[in-house]
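[1] task: produce atomic coordinates for the following.
(one chain, ligands or ions: 1)
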Amino acid sequence: MARIFSGVQPTGNLHLGNYLGAIRNWVKLQKDYPCLFCIVDMHAVTVSQAPAALRHNTRCVAASLLAAGVESERNILFSQSAVPGHAQLAWVLNCVARFGWLSRMTQFKEKAAGQDRENASVGLYAYPTLMAADILLYRATHVPVGADQKQHLELTRDIAQRFNNIFGKNFFPIPEPIIVHPATRIMSLRDASKKMSKSDPSDYARINLTDDADTIALKVRKAKTDPAPLPDTLTALQKRPEAANLLGLYATLADLSPEEALTHHAGRRFADFKKDLTELTVSVLAPMTAEVKRLLAAPDHLDSILRHGAQRADTLAGPILAAVYDLIGFLRV
Ligand code: TYM
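    Numbers count the residues shown, from 1 in each chain. Okay, here's the model as predicted:
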């Protein structure tokens, strides 16, 4: 049976990269598959978080997911730390995954490169095994993510395969990534060689799902471009990463292919194109922003949605974790 699992970190505001690379796809998939959507607060604490901000961001992300169209009755929406099985299975998988596999994870290398490497948390290093546990705890078969998570997904597949080889064939399904095109990687508005990210120190690098119309207009206006008008072929566009990123953003928001978007905008100057991009972005985000505000005004209601989701997730996880414990030989008394 197909089952979908995906997660998002509550480390700050969700941005257009999260929405177009992942969440919009979750909303489509929920119509056809049973889905678990998880706010991964245990991943968030692999780098330091202020406790009050973490609690607030967890509610904000829950509100943003609901505002984006995630249905909490149809799916299971919950926070990771509320289901102990994630940490329990992660420990088992830490013992299945090999040191060398984790050493090759580029996200760790990138994140640890920005700080004193010796001082990076052990949690940051082991992050991908917790991610594997998130997915395998529910025996999920499909994982919709942005392209930046592809390597972590491959590692999850390796871990599942190794567990199956050691303890019992086909215990875990080997999960398939679902990566949408073309917006699998939305880049920073300031530097098109970096992905749009919650952790970018400049807020001008991203468009948050909670930005108002004026802020969006300002950020798009300030987005880095080059002086030439938009070209008329994709080959020419690909040589201009900033232009390609903005056009890609437009295409994805409008549900067009990059070719179609280029046909509409070839030859236009950025000043004009940016006005259209702003208008389109605002038209997509404004209804969500209003809904997020409404939901955040009733935190008890949000908490009860998350509590109910955690109970349902725990019910699914319990028998799978028990079977893992039996397979590896923990005496259960
Ligand atoms: P996170 O919180 O960084 O991002 C959540 C989702 O948004 C996608 N995404 C992007 N897509 C396109 N362009 C971007 N600039 C961009 N930035 C983020 C991510 O690919 C992701 O799908 N490790 C994960 C969270 C996680 C998870 C899991 C995901 C924990 N456990 C299990 C799937 C399954 C992360 O940090 O996502």
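[2] tell me the confidence at the single nearest residue of the stretch 51-200 of the chain relative to the ligand?
    As assessed by Cβ to the nearest ligand atom, the ligand sits closest to G146 within the stretch 51-200 of the chain, at 2.4 Å. All C-beta atoms are positioned from the backbone trio N, CA, C, and that covers glycine. We have a pLDDT of 88 for G146.
[3] ok, now which ones touch it?
    The neighbours of G146, taking Cβ atoms under 8 Å, 6 or more residues apart in numbering as the test, are 17-18, 21-22, 179, 184-186.
[4] how about these in JSON lines, adding distance to the ligand, pLDDT and neighbour count?
    What follows is the contacts of G146, written out as JSON lines (distance: Cβ to the nearest ligand atom, whole Å; pLDDT from 0 to 100; neighbours: other Cβ atoms under 10 Å):
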{"residue": "G17", "distance to the ligand": "3", "pLDDT": "92", "neighbour count": "24"}
{"residue": "N18", "distance to the ligand": "4", "pLDDT": "93", "neighbour count": "25"}
{"residue": "G21", "distance to the ligand": "2", "pLDDT": "88", "neighbour count": "25"}
{"residue": "A22", "distance to the ligand": "3", "pLDDT": "89", "neighbour count": "25"}
{"residue": "I179", "distance to the ligand": "8", "pLDDT": "89", "neighbour count": "19"}
{"residue": "T184", "distance to the ligand": "6", "pLDDT": "65", "neighbour count": "20"}
{"residue": "R185", "distance to the ligand": "5", "pLDDT": "84", "neighbour count": "17"}
{"residue": "I186", "distance to the ligand": "4", "pLDDT": "92", "neighbour count": "26"}
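[5] tell me how many other residues crowd N165.
    The tally of other residues near N165 (other Cβ atoms under 10 Å) stands at 10.
[6] if we can go back for a sec, out of the contacts of G146, which are inside helices?
    In helices, judged by DSSP state H, the following of the contacts of G146 are found: 17-18.
[7] can I get the contacts of G146 in CSV with distance to L256?
    As requested, the contacts of G146 are exported to CSV (distance: Cβ to Cβ, whole Å):
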residue, distance to L256
G17, 18
N18, 21
G21, 17
A22, 19
I179, 19
T184, 16
R185, 17
I186, 15
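[8] any part of the one helix or strand in the chain whose mean pLDDT sits lowest near the ligand?
    The helix or strand of the chain with the lowest confidence, counting by mean pLDDT, DSSP states H and E, is helix 106-113 at a mean of 80. No - contact of helix 106-113 with the ligand (Cβ under 6 Å from any ligand atom) is absent, the minimum separation being 7.9 Å.
[9] which residue ranges form the strands in this protein?
    Using DSSP state E, the strands found in the chain span residues 4-8, 35-39, 76-79, 142-144, 176-178.
[10] for E118, which of those is the nearest?
    Of all those, strand 4-8 sits nearest to E118, with 28.3 Å by Cβ to Cβ.
[11] now do the closest one and strand 35-39, the angle between them.
    Going by axes from the mean of the first three to the mean of the last three Cα atoms, to 10 degrees, strand 4-8 is angled at 20 degrees with respect to strand 35-39.
[12] hmm, who's touching strand 4-8?
    Contact with strand 4-8 is made by 14, 18, 22-23, 26, 29-30, 33-40, 43, 61, 65, 80, 131, 134-135, 138, 140-145, 175, 178, as judged by Cβ under 8 Å, 6+ apart.
[13] now stretch 194-205
    For stretch 194-205, the surrounding residues in contact (Cβ under 8 Å, 6+ apart) are 9, 11-18, 47, 148, 185-191, 206-207, 219, 222.
[14] do the same with stretch 80-87
    7, 38-43, 130, 133-134, 137, 306-307, 310, 313-314, 317-318, 320-321.
[15] of these, which belong to helices?
    Among the contacts of stretch 80-87, the members found in helices (DSSP H) are 41-43, 130, 133-134, 306-307, 310, 313-314, 317-318, 320-321.
[16] list buried residues within these.
    41-43, 130, 133-134, 306, 310, 313-314, 317, 320-321 (16 or more other Cβ atoms under 10 Å).
[17] between the residues you listed, which is nearest E291?
    Distance to E291 across these (Cβ to Cβ) is lowest for L306, with 16.9 Å.
[18] tell me how far the closest one lies from S257.
    Counting by Cβ to Cβ, to the nearest Å, the separation of L306 from S257 is 37 Å.
[19] can you tell me which residues in this protein are near the ligand?
    Among all residues of the chain, those adjacent to the ligand (criterion: Cβ under 6 Å from any ligand atom) are 5-9, 17-18, 21-22, 40, 43, 131, 134-135, 143, 145-146, 148-149, 152, 184-186, 195-196.
[20] for the closest residue to R307 other than its chain neighbours, give me the pLDDT.
    Of all residues not flanking R307 in the chain, A82 sits nearest, at 7.4 Å (Cβ to Cβ, 6 or more residues apart in numbering). On pLDDT, A82 comes in at 98.
[21] could you count how many residues lie near A82?
    By the criterion of other Cβ under 10 Å, A82 has 18 neighbours.
[22] most tightly packed of the strands of the chain?
    strand 35-39 (a mean of 26; mean count of other Cβ atoms under 10 Å).
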